[in-house]
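Novice: Quick one: sequence and predicted model below, then my questions.
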There are 4 protein chains.
Amino acid sequence: MSGRANKKEDAKRQPTDEKNITKQERILRAAIGVLAERGFHRTTIHDIAQSAGVADGTIYLYFKNKDQLLIELFEEVMARALRLFREALREEQGAEAKMRTFLHTHLRLVEHDPEIAQIISVELRQSSIFIKEYKNPLFGEYLKIIGQILHEGIEEGVFRSNLRPALITRAIFGAMDEISLAWLLSRRRDLSLEESADALAEMLLQGLRSAPSSTAPHTAS
Amino acid sequence: MSGRANKKEDAKRQPTDEKNITKQERILRAAIGVLAERGFHRTTIHDIAQSAGVADGTIYLYFKNKDQLLIELFEEVMARALRLFREALREEQGAEAKMRTFLHTHLRLVEHDPEIAQIISVELRQSSIFIKEYKNPLFGEYLKIIGQILHEGIEEGVFRSNLRPALITRAIFGAMDEISLAWLLSRRRDLSLEESADALAEMLLQGLRSAPSSTAPHTAS
Amino acid sequence: MSGRANKKEDAKRQPTDEKNITKQERILRAAIGVLAERGFHRTTIHDIAQSAGVADGTIYLYFKNKDQLLIELFEEVMARALRLFREALREEQGAEAKMRTFLHTHLRLVEHDPEIAQIISVELRQSSIFIKEYKNPLFGEYLKIIGQILHEGIEEGVFRSNLRPALITRAIFGAMDEISLAWLLSRRRDLSLEESADALAEMLLQGLRSAPSSTAPHTAS
Amino acid sequence: MSGRANKKEDAKRQPTDEKNITKQERILRAAIGVLAERGFHRTTIHDIAQSAGVADGTIYLYFKNKDQLLIELFEEVMARALRLFREALREEQGAEAKMRTFLHTHLRLVEHDPEIAQIISVELRQSSIFIKEYKNPLFGEYLKIIGQILHEGIEEGVFRSNLRPALITRAIFGAMDEISLAWLLSRRRDLSLEESADALAEMLLQGLRSAPSSTAPHTAS
DNA sequence: CATGAATGAGGATTCATTCAT
DNA sequence: CATGAATGAATCCTCATTCAT
């Protein structure tokens, strides 16, 4: 990535007027498109600039360097996803309903905004390695949404009390993420993600539920 | 001139004796280490060569170019993982036991060979994007292992008959993969993956089981 | 990765203002000098850049790659030569006078612009082999100039009607080219090319003339 | 080209037994084929070795380095051509007959041994530039053949006494060389070089003859 | 003598970043 | 603020040459 000497430490100009916000946004949006289409290591500043309709140098008026642009991009992407989830979950009641909604929302995001989904599934995964020492804070927020549903379910008594939320959160995110990725990479996108969400929800909820009989009731049957 | 034309069509020297196999292996192993440590786009041929203790040019005696080296690396990595899984599953009987073993084996792989795991979790995901048109065939094999366990469970009657194996396969792989990644990225690797495997297995199997009561008993409650 | 794909399809910046034209021209001129001095396969982009007083990368702002730079160089060289010939011949009347002028002009070019001459004599000859599939169109124009003089002479009746223009054109070009080369390679450039042109013209014209007596009148003498 | 430090100054092993001569010859012949086919800058030592059926390193047992191999190659090529010409001219009597024979022989060489011809026409021309300070001595011999015919013709009285043999020699060689090249590069090799030789001979001889009327009769007309 | 694996200097090309306009 | 020409470090890859076997 960068690594060159950089005089203006973090002197990224604070955008004050509407014009700046607009242009910074424009660059970020362009970058999202380019990144989703070409992938991380094929994306150049020149590509982004062209896609945004600005000059290469202009990028550096709004972002300190390429790393920083990508960091802000990742945060923007996560923020968009977060907004979507929070809105979808706002009115839901009950852990099970929330979990169902969460799964549906996740897959709907993939269908409706594949660029965002692609970046989350593919590029984000590398971000912590590409950009040394960077830990996307909003990704933690994202995981927290799942965690809270789990906690709520436990408290409601519908989810088994002994599940480890942090672990299950990861498992759920991973499952959804992988399904998203498979869909994104397959050219034949005929198979309905909506139906998949139903099937997954059913299975997941059954797994999460406080076991009615025992740990291994199947042996008895 | 440009020199892009590649004269030596199939000129990769076929290693016939033990000596050669050793060197190609050495390079591949070095590459795995470097790739796991530095990530895809920070890995240079020079890094690999140095790590393998050979000159840069030597790489090209064994691999046509960097892409090809990476492809063979991915296949080697997957092959190693596959071998491990097949061996572990060979003597298991019953879908549930196999699934438990699969989960344990997955997480044990992460603990015992973090480089391999890291590459599968992080780098492999991009391979189909980095390397145009490349579809890792062994990754399909990997998924098939999960799929077969699911099929077996359905036929045994322990797994619900209406689950969609392709979908669930992805979900399971994704869950395990994400958990692996989280562990790999977290510096504090104290939390036991072994215990996690138990917890996951319990939950997953409950979810997979043919529902004793109904499809949506929770709504009734 | 390999990066052979060329993203900027037509990205050679179109120079619009005087400044740019100057720089592209500067590079081309530098390249001519370097090529003439060091020969084709010893000429590196770095040499050209240094000679032009620009950075290596700057070359690629004006030329897609080394091949393309050389192609444009060849065309520039031929264009310069063509301009010279056309100007010199514009006011000449009669095939013989034109032929004399042609020969003189050719050798004057060698004396006055040895770099151009050297490139035509030595490097151009390889261009169709070095650069796959490249056929210098202006070289054809160059030959046409000779061909037209021949045709004109035949129509005037001063040149023998049975001569094969395409063949003789090559012969004349070859003769002049070789003489140029010999002069260029010999360090002692004392011998006058001007006088040589006279001698050649006399001999050539006598050979071209419609034979007054017979095919072998010398036997009769 | 080479330019690396070279310990064994000119320690090329003197081939003493038949075996060595054979192998050196084999390499040289292979090199001629490769050079004619791929051109100078595409020809690698590896190509030559493969074509000769020896290992890369073996080349260096017979030739000090690539430059030296090429020098010997050029001399071999010229020697072959010289042999052909001397043989063809041995029994001819009279300058005109010799000149006709020379032209025919030249073009027959092209038809019968295009590789040799190609190297003389294309590669040799660069040799004096590629290989610094190298002056092919046999090429001088070659020119001398033409020069001697010219001298003979002058003494016989059939060629004009005032022609400058050195100049005309170059002109004749250049003409033949260019015609050869054109034929070699054109894919449609239907046009008969034999006929071309006749036509050229006729014209050339008319031009060379001691002018029957005057030096510049055309001005009078 | 012969081999061919190994070397590493050298060269074309890309692209993040700067800065004069 | 905006531009985009210019820079040059970085990287992949080639190939002449060496040398241990």
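Specialist: Received it, and whenever you're ready, just let me know what you need.
Novice: helix/strand/coil for the nearest residue to A:A31 once chain neighbours are set aside?
Specialist: Sequence neighbours aside, A:I48 is the residue nearest to A:A31 in space, at 4.7 Å (criterion: Cβ to Cβ, 6 or more residues apart in numbering or on different chains). The way it works is simple: take the backbone N, C-alpha and C, and place the C-beta from them, glycine included. Of the three states, A:I48 takes helix according to DSSP: H, G, I helix; E, B strand; the rest coil.
Novice: Please read off the pLDDT at A:I48 from the model.
Specialist: Taken from the predicted model, the pLDDT recorded for A:I48 is 97.
Novice: got it, and A:D17?
Specialist: Reported pLDDT for A:D17: 51.
Novice: Ok, the one 3 residues further on next?
Specialist: Per-residue confidence (pLDDT) for A:N20: 52.
Novice: for the record, mean pLDDT for the strand or helix carrying A:R86?
Specialist: When secondary structure is defined using DSSP states H and E, the element that contains A:R86 is helix A:66-90. Model confidence over helix A:66-90 averages 94 on the pLDDT scale.
Novice: before we move on, back to that, tell me how many other residues surround the residue nearest to A:A31.
Specialist: Each residue near A:I48 was counted by other Cβ atoms under 10 Å in any protein chain shown, and the total is 25.
Novice: Name the residues of the helix holding A:R86 that are buried.
Specialist: A:66-78, A:80-82, A:84-85, A:88-89 (16 or more other Cβ atoms under 10 Å in any protein chain shown).
Novice: and the helix or strand following that helix, anywhere near chain B?
Specialist: Helices and strands here follow DSSP H and E; after helix A:66-90, the next one along the chain is helix A:95-112. Yes: counting by Cβ under 8 Å from any Cβ of the partner chain, chain B is contacted by helix A:95-112 at A:E96.
Novice: Any figure for the gap between the most centrally placed residue in chain A and DNA strand F?
Specialist: Against the mean C-alpha coordinate of chain A, by Cα atoms, centre = their mean, the closest residue is A:I120 at 4.4 Å. A:I120 sits at a distance of 27 Å from DNA strand F (criterion: Cβ to the nearest atom of the strand, to the nearest Å).
Novice: and if you look at A:L35?
Specialist: Computed with Cβ to the nearest atom of the strand, the distance linking A:L35 and DNA strand F is 20 Å.
Novice: now the angle between helix A:95-112 and the helix holding A:R86, please.
Specialist: 130 degrees (axes from the mean of the first three to the mean of the last three Cα atoms, to 10 degrees).
Novice: ok, helix A:66-90 near chain B or not?
Specialist: No: no part of helix A:66-90 sits close enough to chain B to count as contact by Cβ under 8 Å from any Cβ; the gap is at least 11.8 Å.
Novice: name the helices or strands packed onto that helix?
Specialist: helix A:18-38, helix A:45-52, helix A:95-112, helix A:114-118, helix A:124-130, helix A:137-156 (3 or more Cβ pairs under 8 Å, 6 or more residues apart in numbering or on different chains; DSSP states H and E).
Novice: Now the weakest link among those, please, by mean pLDDT.
Specialist: Comparing mean pLDDT across the helices and strands packed on helix A:66-90, the weakest is helix A:124-130, with a mean of 70.
Novice: so what's A:L89 up against?
Specialist: Contact partners of A:L89, counting by Cβ atoms under 8 Å, 6 or more residues apart in numbering or on different chains, are A:K98, A:T101, A:F102, A:T105, A:I145, A:I149.
Novice: What separation is there between the nearest residue to the last one once chain neighbours are set aside and C:E76?
Specialist: Residue nearest to A:I149 in three dimensions, not counting chain neighbours: A:K98, with 4.8 Å by Cβ to Cβ, 6+ apart. As for A:K98, its distance to C:E76 is 71 Å (criterion: Cβ to Cβ, to the nearest Å).
Novice: Same check on A:H112?
Specialist: With distances taken as Cβ to Cβ, A:H112 is found 54 Å from C:E76.
Novice: same question, A:R108
Specialist: Here the criterion is Cβ to Cβ. By it, A:R108 lies 59 Å from C:E76.
Novice: Repeat that for A:Y134.
Specialist: Here the criterion is Cβ to Cβ. By it, A:Y134 lies 50 Å from C:E76.
Novice: One more: A:I59?
Specialist: With distances defined as Cβ to Cβ, the gap from A:I59 to C:E76 amounts to 36 Å.
Novice: domain ranges for chain A?
Specialist: A:15-63, A:66-210 (automatic domain parsing).
Novice: So which of those is the most surrounded?
Specialist: Among the domains of chain A, the stretch with the highest mean neighbour count (mean count of other Cβ atoms under 10 Å in any protein chain shown) is domain A:66-210, at a mean of 18.
Novice: For the closest residue to DNA strand F within chain A, give me the pLDDT.
Specialist: With distances taken as Cβ to the nearest atom of the strand, chain A approaches DNA strand F most closely at A:G57, which sits 1.7 Å away. At A:G57, the model reports a pLDDT of 97.
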